[in-house]
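**Q** my questions concern the predicted model and sequence given below.
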Amino acid sequence: MHILQTIVNYMLSLGAAVFVPLIMLVIGLIIKMKFSEAFSAALTLGIAFTGMNLVITFMMGSIGPAAQSMAQNTGITLTAIDGGWPGMASISWAWPYAFLMFPLTIGINIIMIMLNWTKTLNVDMWNVWNKIFTAVIVSYISGSVVMGFVAAAIQIILELKIGDAWGPQVEKLTGIPGVTVPHFVTLIAVMLYPINKLMDKIPYLNKQLDADYLKEKIGIFGENHVMGAIIGFALGLAGGYSISGALTLAVQAAAAMTLFPMVSKLFAQALSPICDGVSEFMRAKFGGKEVFIGLDWPILAGRNELWVAVIITIPVLIVFSIILPGNAVLPFAGIINLSFVIGALLLTGANLLRMIIMGVITAPVFLYAATYFAPHITKLATSTGVVAVKKGMMLTWSTFEGPDFRYIFAKAASGSILFIVAAIAWLGLFFLLYKDTVKKGKLNE
Amino acid sequence: MAKIIVACGSGVATSQAVASKITKLLKQRKINAEVEAVDIKSLKTYIKNADVYVSIIRTKEVYSIPVVDGVAFLTGMGQEKELEKIINAVNAANDKK
């Protein structure tokens, strides 16, 4: 027993970039991958962690001082730097218990399909990281890893059920039958549901606005590097930099924004063989049954309304981050707030005006959640050795998915009666959303 | 070498999953092509240098290069047909060069 503990401790001390690839190699060999493929994937994973560390450190080193300077100049303290979802995914994969989420996700899905409790077969294995992130956050705040897994299990079940409900809507929006988006990010619809119902009462909000025209106009501003440059330049000026200083920061920020997705691709590349193998397995066993194949949200990305709404909310997020009292997050890598727009798209059926309003209403929620979780995320980043966060700065994600769910359930798992009640209320609201969406889906057939 | 691009929301997970799949399938048939996952916001830039565009979304737009349905590689349904389209386009592109 002691020997086992020594071995595990040694491996943990190796740090994420070595430890996790080792686990990946073992898993790859267990599922009978060729050694060369498993080795390549494992090494790529290590590179992904190292690369991510590089970019985050660079970003903190360039944006960080500007944010602090801005704090001194204007009295606005935004010391939690937004590493976006790539940063969070990286941290999640580094959690020692991360890989247990694969069997949990697959197991629950298979059991639910066999019991006919769901029609959704979720082959999107990449987003397992989303469950890991929830488990990590909840276990940190409540102090119990078991509660973390309980929260993740609840999330998995909710994702599958909402996947069942979204199916017809996804077909309506994309023209693709038989698929759905059982993605955690769509659960913001629970919070948006009462707001949407209220909007039904306002006649003007029942019209559709034309998205194509707007998207043409917005075009280049939606590109990562352009946005990064604009934010960097603005931040430089706000931090009292000279024009040349602000321009330098603009390019550095653009670099960080461009490099983030590039490094994240390495994660996808490394995990791809495992995800693929699992998807094949799920399809082979259940392909015959009438199922919705659960995919990642990008199949919805063809809807221009999504991009227009998201881009319009960018300045909203920035303004809120400055004026909201107690907010500590500087929106950066997470500034494209996909975490409200996908749920809003599905809930409103691509009603652009409603989506924009929802973006504005939810912005404060995201910022406050990001502020609240920043210390925990920072601790996780430094303790797994994924990223070195400088003193006085924190790492977070300005628009992480399911802020309401994660906050309520993390507090509930810590034993707060108030939040246990809130969790039950949230689940009640989920149930109403589910029923309503299924009903609307049947009407459309 | 012929170039295939796959685009999704961020150019990271979904498009990479499809790109890896296509790469593997092409390798099995000994076909040489470059497959890259890109971010849909920058599609117009990448499409200039590509020979095939594998799309995850149903789009109304028409491009000067063949467009193939990428969802088939995620669901497994109709995958063979789309793969054939890619192979034809790759061969056509290689012949031109």
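**A** Received it, and whenever you're ready, just let me know what you need. What you see is a predicted model, and the numbers here were worked out from it, not measured in a lab.
**Q** I'd assumed A:N122 was in contact with A:S279.
**A** No. Counting by C-beta atoms under 8 Å, A:S279 stays clear of A:N122, with 9.3 Å between them. All C-beta atoms are positioned from the backbone trio N, CA, C, and that covers glycine.
**Q** check residue 81 and give its pLDDT.
**A** Chain wasn't specified; assuming chain A. Listed pLDDT for A:I81 reads 86.
**Q** actually, chain B is the one I wanted.
**A** 92.
**Q** comparing A:S279 and A:N122, which residue is more hemmed in?
**A** A:N122 (30 against 21; other C-beta atoms under 10 Å in any protein chain shown).
**Q** find the nearest non-adjacent residue to that one, please.
**A** Nearest residue to A:N122, sequence neighbours excluded (C-beta to C-beta, 6 or more residues apart in numbering or on different chains): A:G294, at 3.5 Å.
**Q** go on, A:I31?
**A** Using C-beta to C-beta, 6+ apart and skipping the chain neighbours, the partner closest in space to A:I31 is A:G277 (5.5 Å).
**Q** spell out the secondary structure type for the one you found.
**A** Here A:G277 is helix, with the state taken from DSSP: H, G, I helix; E, B strand; the rest coil.
**Q** swap in A:S244?
**A** Following three-state DSSP, we place A:S244 in the helix state.
**Q** what is the burial count for it?
**A** 9.
**Q** do the same with A:L198
**A** A:L198: 10 surrounding residues under other C-beta under 10 Å.
**Q** could I get the contacting residues of A:T362?
**A** A:188, A:191-192, A:340 (C-beta atoms under 8 Å, 6 or more residues apart in numbering or on different chains).
**Q** equivalent analysis for A:A301, please.
**A** A:A301 sits next to A:307, B:8-9, B:40, B:56-57 when contact means C-beta under 8 Å, 6+ apart.
**Q** quick check: closest non-adjacent residue to it.
**A** B:G9 (4.4 Å).
**Q** which stretches of the chain have low pLDDT?
**A** Looking at chain A here, since you left the chain open. A:1, A:4-5, A:7-9, A:11-14, A:205-222, A:286-289, A:444-445 (pLDDT under 70).
**Q** can you look at chain B instead?
**A** B:10-11, B:60, B:97.
**Q** near chain A, which residues of it are found?
**A** Within chain B, the residues that sit near chain A (C-beta under 8 Å from any C-beta of the partner chain) are B:8-17, B:20-21, B:24, B:37, B:39-42, B:55-59, B:71, B:74-77.
**Q** swap in 7 Å and give it another go.
**A** Taking C-beta under 7 Å from any C-beta of the partner chain as the criterion, the neighbours of chain A within chain B are B:8-14, B:16-17, B:20-21, B:37, B:39-42, B:56-59, B:71, B:74-76.
**Q** from the residues you listed, which would you call buried?
**A** Among these, the ones that count as buried by 16 or more other C-beta atoms under 10 Å in any protein chain shown are B:8-14, B:16-17, B:20-21, B:37, B:39-42, B:56-57, B:59, B:71, B:74-76.
**Q** quick check: the residue of the stretch 1-150 of chain A nearest chain B.
**A** In the stretch 1-150 of chain A, the residue that lies nearest chain B is A:W126 (4.2 Å; C-beta to the nearest C-beta).
**Q** the closest residue to that residue other than its chain neighbours: what's it in contact with?
**A** Of all residues not flanking A:W126 in the chain, B:A13 sits nearest, at 4.2 Å (C-beta to C-beta, 6+ apart). Contacts for B:A13 (C-beta atoms under 7 Å, 6 or more residues apart in numbering or on different chains) come out as A:126, A:268, A:296.
**Q** now do the helices in the stretch 251-400 of chain A.
**A** A:304-323, A:338-348, A:352-383 (DSSP state H, counting those that start in this stretch).
**Q** tell me which of those sits most buried.
**A** Most buried of those by mean neighbour count (mean count of other C-beta atoms under 10 Å in any protein chain shown) is helix A:338-348; its value is a mean of 27.
**Q** mind listing the strands for the chain?
**A** Using chain A here. A:80-82, A:120-122, A:179-180, A:292-294, A:329-330, A:394-396 (DSSP state E).
**Q** sorry, should have said chain B
**A** Under DSSP E, chain B gives strands at B:2-8, B:33-39, B:52-55, B:67-69.
**Q** mind putting those strands into JSON lines with distance to A:K411?
**A** Listed next are the strands of chain B as JSON lines, based on distance: least, C-beta to C-beta, whole Å:
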{"stretch": "strand B:2-8", "distance to A:K411": "34"}
{"stretch": "strand B:33-39", "distance to A:K411": "36"}
{"stretch": "strand B:52-55", "distance to A:K411": "42"}
{"stretch": "strand B:67-69", "distance to A:K411": "44"}
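**Q** please name whichever of those strands is nearest to A:M59.
**A** In terms of C-beta to C-beta, the element of the strands of chain B nearest to A:M59 is strand B:33-39, at 18.1 Å.
**Q** quick check: end-to-end length of stretch B:59-69?
**A** 10 Å (C-alpha to C-alpha, to the nearest Å).
**Q** that older thread, by neighbours, which of the contacts of A:T362 wins?
**A** Counting by other C-beta under 10 Å, top hit in the contacts of A:T362: A:F340 with 28 neighbours.
**Q** ok, and what's touching stretch A:170-186?
**A** A:120, A:122, A:127, A:130, A:155, A:159-160, A:162-163, A:166-167, A:292-297, A:299-300, A:302-303, A:338-339, A:342-343, A:346, A:350, A:401-402, A:444, B:57-58, B:71, B:75.
**Q** now these: which count as buried?
**A** So, by 16+ other C-beta under 10 Å, the buried ones in the contacts of stretch A:170-186 are A:120, A:122, A:127, A:130, A:155, A:159-160, A:162-163, A:166-167, A:292-297, A:299-300, A:302-303, A:338-339, A:342-343, A:346, A:350, A:401-402, B:57, B:71, B:75.
**Q** hang on, the earlier thing: nearest to A:G15, of the helices of the stretch 251-400 of chain A?
**A** helix A:352-383 (10.4 Å).
**Q** ok so, going back, tell me which of the residues of chain B next to chain A fall in helices.
**A** B:14, B:16-17, B:20-21, B:71, B:74-75 (DSSP state H).
**Q** tell me which residues of stretch A:270-284 come out buried.
**A** For stretch A:270-284, by 16+ other C-beta under 10 Å, it's A:270-279, A:282-283.
**Q** which helix in chain B has the most residues?
**A** Every helix in chain B considered (DSSP H), the longest is helix B:79-96.
**Q** ramachandran angles for whichever residue of chain B sits closest to chain A?
**A** Here the residue of chain B nearest chain A is B:I57; by C-beta to the nearest C-beta that distance is 2.9 Å. The phi and psi values for B:I57, taken as degrees, to the nearest 10, are phi -110, psi 150.
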